[in-house]
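Trainee: can you look at this prediction? I've put the sequence above it.
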Amino acid sequence: MSDKISANKYAVPALERAHAVLLELSEHRGGMRLTDLSRRLGVNKSSMFCLLKTMESLGWVEKSSDDVYTLGSALAAFGSSFFRGQALIDRFYRTAVETRDRLGETIQLARLEGADVFYLAKLEAPFPVQIASEPGMRFPAHATGLGKALLATLADDEVRKRLSDPLPRLTPATIGTVTELLDELADVRRQGVAFDREEAVIGFRCAAAPVFGPDGRAVAAVSVSMPRHHWEQKRDAAVREIRALARRLSVNANV
């Protein structure tokens, strides 16, 4: 647990422990028992019991009849409020509809958080095969078009600070080293668009472009994703449309 607690002298340890509990539960959708959380986080059972009782009373966690803890309903309310409050997300839903309808494919919005992309919004394609990513989810940035579009706006040294070898592979096509990634990011900078060649999910490809804020910094990225068998026919249109959408969203973008 000690390596999970901040060195910040102003930090509140109880809040950091609560945060660590929420992270653990978010990664174990079936829930966890008190003893599992205590062992995983290095917190004694008595302290963990008090922490979980407090979090349960606040609605941050819920306990089932067989003493398994899962994330609570209060977090859903927090998340809903977060997404409603984002001006760029609102504009994405208004603006990206035409892009989705012209291409007939799924359009997504995400931002960069450390070594991951955090999905902010999604407009589904009108066909039954859907992509697993949803608003609120995270994926390794190096394995997604959205992530590569955003990493390409950073200096190579900053990319190296965020990522280290070996890079986790989500599919056999995922880039495995930082050196390989930097080579691809150089191409992304030249082209203004990044690609996911079945690196996140087998059978799906995407094109992505960064969205810039008023200060010229990338604040998010947009992507169009589609099944492999649509790609050859729609690739050029996808690149053209996603670049245009990114430009439209870049006007006074703010998240």
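Mentor: Yep, that arrived.
Trainee: what's whichever strand or helix holds residue 101 in contact with?
Mentor: Using DSSP states H and E, residue 101 falls within helix 87-103. The contact list for helix 87-103 (CB atoms under 8 Å, 6 or more residues apart in numbering) reads 83, 106-107, 109, 120-121, 123-125, 211, 219-220, 222, 224, 226, 234, 237-238, 241-242, 244-245, 248-249, 253-255. For the C-beta atoms, the positions are set from N, CA and C on the backbone; glycine is no exception.
Trainee: quick one: mean pLDDT for it?
Mentor: Helix 87-103 carries an average pLDDT of 93.
Trainee: pull the distance from it to the chain's centre.
Mentor: Here helix 87-103 is found 19 Å from its chain centre; the criterion is CA atoms, centre = their mean, to the nearest Å.
Trainee: and what of stretch 225-237?
Mentor: Worked out by CA atoms, centre = their mean, stretch 225-237 lies 23 Å from the chain centre.
Trainee: check which residues of that stretch are buried.
Mentor: The neighbour-count check on stretch 225-237 (16 or more other CB atoms under 10 Å) flags 225, 226, 227, 230, 231, 234 as buried.
Trainee: wait, doesn't residue 107 sit right on residue 221?
Mentor: No: contact criterion CB atoms under 8 Å: residue 107 and residue 221 do not qualify, at 11.4 Å.
Trainee: what's the nearest residue to residue 223 if we skip its chain neighbours?
Mentor: residue 208 (3.6 Å; CB to CB, 6 or more residues apart in numbering).
Trainee: so what pairs up with that neighbour in the strands?
Mentor: residue 194, residue 223 (DSSP bridges).
Trainee: repeat that for the one 10 residues further on.
Mentor: Taking DSSP bridges as the rule, residue 218 bridges to residue 212.
Trainee: returning to what we had before: show me which of residue 107 and residue 221 is the more surrounded one.
Mentor: Of the pair residue 107 and residue 221, residue 221 is the one with more neighbours under other CB atoms under 10 Å, namely 31 against 27.
Trainee: secondary structure class for the more buried one?
Mentor: At residue 221, secondary structure determined by DSSP: H, G, I helix; E, B strand; the rest coil is strand.
Trainee: for it, what are its contacts?
Mentor: 109-112, 117, 145-147, 149-150, 194, 208-211, 246.
Trainee: same question for residue 181.
Mentor: Applying CB under 8 Å, 6+ apart, the residues near residue 181 are 142, 148, 151, 159, 163, 167, 175.
Trainee: check the spacing between the first one and residue 99 real quick.
Mentor: When you say that, I think you mean residue 142. 25 Å (CB to CB, to the nearest Å).
Trainee: higher neighbour count, these two?
Mentor: residue 142 (29 against 21).
Trainee: need the pLDDT of the residue of the chain most remote from its centre.
Mentor: Here the chain reaches farthest from its C-alpha mean at residue 46, the gap being 34.4 Å by CA atoms, centre = their mean. On the pLDDT scale, residue 46 is placed at 90.
Trainee: sec struct for residue 146, please.
Mentor: helix.
Trainee: what's around it, how many residues?
Mentor: For residue 146, using other CB under 10 Å, the count is 32.
Trainee: give me the pLDDT value at it.
Mentor: 97.
Trainee: got it, and residue 63?
Mentor: Value for residue 63, per-residue pLDDT: 89.
Trainee: got the contact list for it?
Mentor: Applying CB under 8 Å, 6+ apart, the residues near residue 63 are 52, 56, 69.
Trainee: ok so, going back, tell me which element the residue farthest from the centre of the chain is part of?
Mentor: Short version: residue 46 belongs to helix 45-58, going by DSSP H and E.
Trainee: what comes up buried for stretch 150-158?
Mentor: Buried-residue list, stretch 150-158, by 16+ other CB under 10 Å: 150, 151, 152, 153, 154.
Trainee: contact partners for the first one?
Mentor: Meaning residue 150. 110, 111, 112, 117, 141, 210, 218, 220, 221.
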